[in-house]
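Trainee: make a model of this:
(2 chains)
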Amino acid sequence: MTLDYDAKMPETQEGTEVYNTDPLVVKSHYDIDYIHSYAQDSEFFRALGKKKLLGSKCKKCGYTYATPRGHCMMCGSETEWHELPQVGKVHTFTTCYFGSEKFLSETPFNLIMVEFEGVDSLFMARLIGADQEDIHIGMKVRARFKRNLQFSPTDVYFVPARE
Amino acid sequence: MKHKGRNVYMISGGVTKFAKATPDMDFRLRVKKAFDYATNDINLELKDIDGSVASYFSDHFQRQLMSGIMVQDYLGLTPKPSKRVEGGGATGGLAFQTGFEEVASGRMDVCAVYGFETMSHVNTWKGNEFIALASDTNFDYPVGGFYTGYYAMMAMRHMHEFGTTVEQLAKVSIKNHGNALHNPYAQSPMKLTVEDVRNSPMVSYPLTRLDVCTMSDGAAVAILASEEKAFELCDKPVLVKSIGTGTDTMRLSDRPFQKVPLLPNEKESDYKNLKYPGVHSFRAGRTAAKEAYEAAGITDPLNEIDLVELHDAYTSSEIQTYEDLGLCKYGEGGSFIEEGKSELNGKVPVNPSGGLLASGHPVGATGIMQAVFMFWQLQHSVKKHFKNDALQVKNAKRGLIHSHAGTGTYVTVSIMEAVK
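Mentor: Numbering: from 1, shown residues only, chains lettered A, B, ... in the order given. Okay, here's the model as predicted:
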């Protein structure tokens, strides 16, 4: 062990992007990959590969959910998987002309909430094959599935269905 | 409220001017400015304050965790008790109510509630992404990923159920941006027409750029006190008469279709065919109003409340909220604005400050900003703080503040009353 009275930190060629000097504003980068578990919702995403749309149904009170959840919000009991019809109606809709940075390149896109016969809650999805002015509340829509799964809820999407 | 606890008063407040970006100050200095304004107004000293509540929404915006303690530290409030409260857009309202609870419970005699948000460290579309992470990341974020999209779908359903029009939405924008012309703290004062609102860029149909609030940097501070301390420290304290809070499912898709929880001025027959809340109304807002009204003894809100500062992140949500608060019946929100009832000189002025649409929405500061503006209204000190009295509501004796998160997931309603 020796003490170095002239110790020097090594210099690098890395710089910092500066946007402004007064006040001093610099670029600070942040990037991260998450190990995201779908946990009790996993089966929903797997089923999309078999072209099945799974909601859930309460084992105790029978309340049915178009967007699955492990436990019932009405009575607190466990739910079971429940296959949904693949044709439903537009409960409400919008067309997004702007969006979050992640989805900005996909704009404009249509968002719909789908209602299914005999199901108590709704399902949010993208609708393609129709422009904003073509869409109306009550419009019949049909589920389609991507062949190459991304294990995202957008593996299922909706298109207009013939009345 | 099961146990009312001690009476709680607001004794001072301060707000920074909200702006798109204020890089010359960080969040600590911004809160310090609002805090100094509040303490100087009544010559309050640090030793008079027993503890605090910190209000900020997102750790993503600053990429600085534990920002709350950094403010506590900067203000010179360490080692006094403090905690952070967070609940999306309602963070400020929830923090204000937590401050109320600190005093009502007897734990503190004087509690400082400070709120802030610095949204300018990322661009607007990245900011929208951070906000959208406050939607279910399994089912909602990957599909929509955009809060204006979610609100647009609710607006469309409200229009379908009740016949609300885009012109009625535009009138909210005109009113709130117009009120802000007289508010020196406001970010976006503007004189607008229906055409201006409808012709501005479409964000998510039917909501245009001028139907939607902006990203902001800002801070706000409210000082709350017990009755004894309030009258000792302040010439004109304002009573926080009651608080109410409601919640709803994170996912819009899970909202049930049931019956309206009625206020005393409503009858079951008013809503024979209405399935509630669906995606057209905010059950959490109605729940919060019911609790706050019951505790304050309010049975006829339109005639017993003099003014309202509510969470108008979107023009459509202001109209939806008139109904949740019982200022009119469900379905009448569109005509309520159209008939001018919520105008500055209307039956019950709503957002005389300009609201979120025009004052700005630095999330953690917003609910506290509403409390500060309401405090000044009920003190009749708007002229002193705004340097003009154009926005002073003449008969202001009892006011309502309303803070709102998510697609209506947490909503707070607090009732404030002039006592002198």
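Trainee: got the contact list for B:S226?
Mentor: B:R6, B:N7, B:V8, B:Y9, B:V103, B:G106, B:D109, B:V110 (CB atoms under 8 Å, 6 or more residues apart in numbering or on different chains). All C-beta spots, glycine's among them, are computed from the backbone N, C-alpha and C.
Trainee: burial of the last one, as a residue count?
Mentor: Burial of B:V110, expressed as a neighbour count using other CB atoms under 10 Å in any protein chain shown, amounts to 23.
Trainee: return the alpha-carbon coordinates of the host helix or strand of A:V114 using PDB.
Mentor: Using DSSP states H and E, A:V114 sits in strand A:109-115. Output of strand A:109-115 as PDB, limited to C-alpha atoms (Å, rounded to 0.1, in the frame of the first residue of the first chain):
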ATOM      1  CA  PHE A 109     -55.500   5.100 -34.900                       C
ATOM      2  CA  ASN A 110     -59.000   4.100 -33.700                       C
ATOM      3  CA  LEU A 111     -59.700   3.100 -30.100                       C
ATOM      4  CA  ILE A 112     -62.900   1.300 -29.200                       C
ATOM      5  CA  MET A 113     -64.600  -0.100 -26.100                       C
ATOM      6  CA  VAL A 114     -66.400  -3.300 -27.200                       C
ATOM      7  CA  GLU A 115     -69.600  -4.700 -25.600                       C
END
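Trainee: buried residues, it. List them.
Mentor: By 16 or more other CB atoms under 10 Å in any protein chain shown, the buried positions in strand A:109-115 come out as A:F109, A:N110, A:L111, A:I112, A:M113, A:V114, A:E115.
Trainee: sorry, back to before: ok, which of the contacts of B:S226 also contact chain A?
Mentor: Filtering those for proximity to chain A by CB under 8 Å from any CB of the partner chain leaves nothing.
Trainee: want to throw these into TSV with pLDDT and distance to A:L48?
Mentor: Formatted as TSV, those follow (pLDDT from 0 to 100; distance: CB to CB, whole Å):
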residue	pLDDT	distance to A:L48
B:R6	97	55
B:N7	98	56
B:V8	98	52
B:Y9	98	56
B:V103	98	52
B:G106	97	55
B:D109	98	58
B:V110	98	56
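Trainee: for those, give me JSON lines that also has distance to B:F57.
Mentor: Shown next, in JSON lines, are the contacts of B:S226 (distance: CB to CB, whole Å):
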{"residue": "B:R6", "distance to B:F57": "29"}
{"residue": "B:N7", "distance to B:F57": "30"}
{"residue": "B:V8", "distance to B:F57": "24"}
{"residue": "B:Y9", "distance to B:F57": "27"}
{"residue": "B:V103", "distance to B:F57": "24"}
{"residue": "B:G106", "distance to B:F57": "29"}
{"residue": "B:D109", "distance to B:F57": "28"}
{"residue": "B:V110", "distance to B:F57": "25"}
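Trainee: same for the strand holding A:V114, what does it pack against?
Mentor: Using 3 or more CB pairs under 8 Å, 6 or more residues apart in numbering or on different chains; DSSP states H and E, the elements in contact with strand A:109-115 are strand A:87-96, strand A:123-127, helix B:147-162.
Trainee: let's have those in CSV, adding distance to B:K341.
Mentor: Below are the helices and strands packed on strand A:109-115 laid out as CSV (distance: least, CB to CB, whole Å):
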stretch, distance to B:K341
strand A:87-96, 27
strand A:123-127, 34
helix B:147-162, 16
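Trainee: B:N40: which of those is closest?
Mentor: helix B:147-162 (36.9 Å; CB to CB).
Trainee: quick one: stretch B:12-27 to chain centroid distance?
Mentor: 17 Å (CA atoms, centre = their mean, to the nearest Å).
Trainee: give me the buried positions along it.
Mentor: Across stretch B:12-27, burial judged by 16+ other CB under 10 Å covers B:S12, B:G13, B:G14, B:V15, B:T16, B:K17, B:F18, B:A19, B:T22, B:M25, B:D26, B:F27.
Trainee: and of those residues, the nearest to B:L252?
Mentor: Using CB to CB, the buried residues of stretch B:12-27 come closest to B:L252 at B:F18, 28.3 Å.
Trainee: what residues does the stretch 151-300 of chain B have near chain A?
Mentor: Residues of the stretch 151-300 of chain B lying near chain A by CB under 8 Å from any CB: B:152-154, B:156-157, B:160, B:201-206, B:249, B:251-257, B:279.
Trainee: repeat that for 10 Å
Mentor: B:151-161, B:201-209, B:212, B:249, B:251-257, B:278-280 (CB under 10 Å from any CB of the partner chain).
Trainee: of these, just the buried ones, ChimeraX syntax please.
Mentor: With 16+ other CB under 10 Å as the criterion, this ChimeraX line picks the buried residues out of these:
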select /B:151,152,153,154,155,156,157,158,159,161,202,203,204,205,206,207,208,209,212,249,251,252,253,254,255,256,278,279,280
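Trainee: quick one: the strands in chain A?
Mentor: Ranges of strands within chain A are A:18-21, A:24-26, A:54-58, A:64-65, A:79-83, A:87-96, A:109-115, A:123-127, A:140-145, A:156-160, based on DSSP state E.
Trainee: show me what the last one is packed against.
Mentor: It stands for strand A:156-160. In terms of contacts (3 or more CB pairs under 10 Å, 6 or more residues apart in numbering or on different chains; DSSP states H and E), strand A:156-160 is packed against helix A:42-48, strand A:87-96, strand A:109-115, strand A:123-127, strand A:140-145.
Trainee: just the shortest one next, same as before
Mentor: Strand A:64-65 makes packing contacts with strand A:54-58, strand A:79-83 when contacts are defined by 3+ CB pairs under 10 Å, 6+ apart.
Trainee: close to chain B, is the last one?
Mentor: The reference is to strand A:79-83. No - against chain B, strand A:79-83 shows no contacts by CB under 10 Å from any CB, the least distance being 12.1 Å.
Trainee: next, the buried residues of that strand.
Mentor: A:T79, A:H82.
Trainee: one more: stretch B:299-308?
Mentor: Residues of stretch B:299-308 classed as buried: B:P301, B:E304, B:I305, B:D306, B:L307, B:V308 (neighbour count, 16+ other CB under 10 Å).
Trainee: quick check: which ranges of the chain have low pLDDT?
Mentor: As the question left the chain open, I've gone with chain A. Within chain A, not a single segment meets pLDDT under 70.
Trainee: could you do chain B instead?
Mentor: Across chain B, the ranges flagged by pLDDT under 70 are B:1-2.
Trainee: try it again at 80.
Mentor: B:1-3, B:420 (pLDDT under 80).
Trainee: could I get the full set of strands for it?
Mentor: Going by DSSP E, chain B shows strands at B:8-15, B:51-55, B:82-85, B:110-118, B:202-204, B:207-208, B:217-226, B:238-247, B:257-258, B:276-277, B:307-309, B:398-404, B:410-418.
Trainee: of the ones you listed, which approaches A:I135 most closely?
Mentor: When the strands of chain B are compared by CB to CB, strand B:202-204 sits nearest A:I135, at 12.9 Å.
Trainee: can you name the residues in contact with the closest one?
Mentor: A:94-99, A:107-109, A:111, A:132, B:128, B:144, B:146-153, B:155-156, B:208-212, B:314 (CB atoms under 10 Å, 6 or more residues apart in numbering or on different chains).
Trainee: bridging residues for B:Q258?
Mentor: Taking DSSP bridges, one obtains B:Y276 as the residues bridged to B:Q258.
Trainee: correct me, but it touches B:R283?
Mentor: Yes - contact criterion CB atoms under 10 Å: B:Q258 and B:R283 qualify, at 8.6 Å.
Trainee: give me the more crowded residue out of those two.
Mentor: B:R283 (22 against 12).
Trainee: out of the buried residues of strand A:109-115, which comes closest to chain B?
Mentor: For the buried residues of strand A:109-115, the minimum distance to chain B (CB to the nearest CB) is 5.0 Å, reached by A:L111.
Trainee: quick one: that closest one from B:V212, how far?
Mentor: Applying CB to CB, to the nearest Å, the value for A:L111 to B:V212 is 16 Å.
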